[in-house]
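[1] mind folding the following:
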Amino acid sequence: MPTYDYRCEANGRIVEVNHRMSEKMENWGQLCAKAGLETGDTPSETPVTRMATGGNIIGASSGGGDLPPMPSCGSGGCGGGMCGLG
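    Reported below is the predicted structural model:
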């Protein structure tokens, strides 16, 4: 299942979740429910934006099992700092 990064402008957090390509998280409440996180002080209806990370597929059949993991950038949102937020 693809992995996607979503950003909440209200709290500045980036959250990584796995979901079908046909799904999309619209707000902080949906995103937190999918990721198993508490919403905290951020209202559930706060919009979130899917980042342009390409929807990485992670799993044994993805073909990348022999590659070392990429280090995350300063924001913690992407591997290799290519997101422009680090």
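
[2] my read: Lys34 touches Arg20, true?
    No: contact between Lys34 and Arg20 fails when scored by C-beta atoms under 8 Å: they sit 11.1 Å apart. From N, CA and C alone the C-beta is placed, and that goes for glycine too.

[3] with neighbour numbers in mind, choose between those two.
    With other C-beta atoms under 10 Å as the criterion, Lys34 and Arg20 differ in neighbour count, and Lys34 comes out ahead with 16 against 8.

[4] sticking with Leu31, tell me its helix or strand.
    helix 28-35 (DSSP states H and E).

[5] so which bits of that helix are buried?
    Residues 28-32, 34 are the ones in helix 28-35 that count as buried (16 or more other C-beta atoms under 10 Å).

[6] quick one: which of those is nearest Thr42?
    Trp28 (5.1 Å; C-beta to C-beta).

[7] how close does the closest residue to that closest one other than its chain neighbours get to Met21?
    Counting by C-beta to C-beta, 6 or more residues apart in numbering, Trp28 lies nearest to Thr46, which is 4.2 Å off, once chain neighbours are set aside. Distance, Thr46 to Met21, by C-beta to C-beta, to the nearest Å: 24 Å.
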